[in-house]
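In: any chance you could fold what I've pasted below:
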Amino acid sequence: MRITSLLATPPVPRLTPEGVFDAFGWCTSDTLEWSRPSGRAFDATTPLDGSDPARMVFVFRRPVDFLPRELAKLHAFGLGLEEEWALAPYAIDDATDELFTYNVRPRDVLWLAADNLNALFWGLHDWSHFHNHGPFEERAWTELQCDGAALSWIWLNRAAIGIDDVAFGTIHASVQRGIVARFEAEGKPLSPALLAALSPEAIADWSLRIGVREMH
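Out: Predicted coordinates:
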């Protein structure tokens, strides 16, 4: 019915200036349980164009009274979900705030259902949000941090996901276009040094280092 993987999501370096987050790394990220249907291939062709992720939802492991919920089966298909509840897709910001407020570790209450690449990327992006609290007043910087984390975790887990280095390069290029567009929209400079720190080679290097550290 489903294929489940435990993705490595170790803490990533802070890429933002001071003040973007008021509680960066308040909860140390380590793993994310990810499930997708076993009856069909994972769709790695969905574009990462900033559109809302279809067929993605965070499913509750147990009741969480302080977060909005919807039936998981309305958003994730082919997993045999029936009466399970999930975080309402519109409530990512609520989860970022309330998990921090109630000091609830995300992996203790949530797992991710996603059957396509765009959904998985945004699920990992949101997973970073859940572990790093901030006022979201600096949108471009906040999203850059979460994009960097998602890219790092995709690279670390590329074998489990089923993508190669060429596919990762395509993913990276799409995400970088989104990063540049956000900074341009806010009229903020994006230094060449920061873009270099987010290059595929740089992400592979520090992902390897944080991955090795996590194993020990």
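
In: find the centremost residue of the chain, please.
Out: Closest to where the C-alpha atoms of the chain average out (CA atoms, centre = their mean) is residue 124, at 1.5 Å.

In: show me where this protein has its strands.
Out: Secondary structure of the chain (DSSP state E): strands located at 2-8, 31-37, 56-60, 69-71, 85-87, 110-114.

In: can you tell me the closest non-neighbouring residue to the residue nearest to the centre of the chain?
Out: Distances taken as CB to CB, 6 or more residues apart in numbering put residue 150 closest to residue 124, at 3.9 Å, once the chain neighbours are dropped. No exception for glycine: its C-beta is placed from N, CA and C like everyone else's.

In: can you count the residues close to the one you found?
Out: Applying other CB atoms under 10 Å, we find 24 residues neighbouring residue 150.

In: got the contact list for it?
Out: Taking CB atoms under 8 Å, 6 or more residues apart in numbering as the definition of contact, the neighbours of residue 150 are 121-122, 124-125, 127-128, 175.

In: could you redo the last one with a cut-off of 7 Å?
Out: With contact set as CB atoms under 7 Å, 6 or more residues apart in numbering, residue 150 has these partners: 121, 124-125, 128.

In: separation between residue 24 and residue 16?
Out: Using CB to CB, to the nearest Å, residue 24 is found at 8 Å from residue 16.

In: helices along the protein, start to end?
Out: 92-101, 106-109, 117-131, 139-156, 158-161, 165-185, 192-197, 200-215 (DSSP state H).
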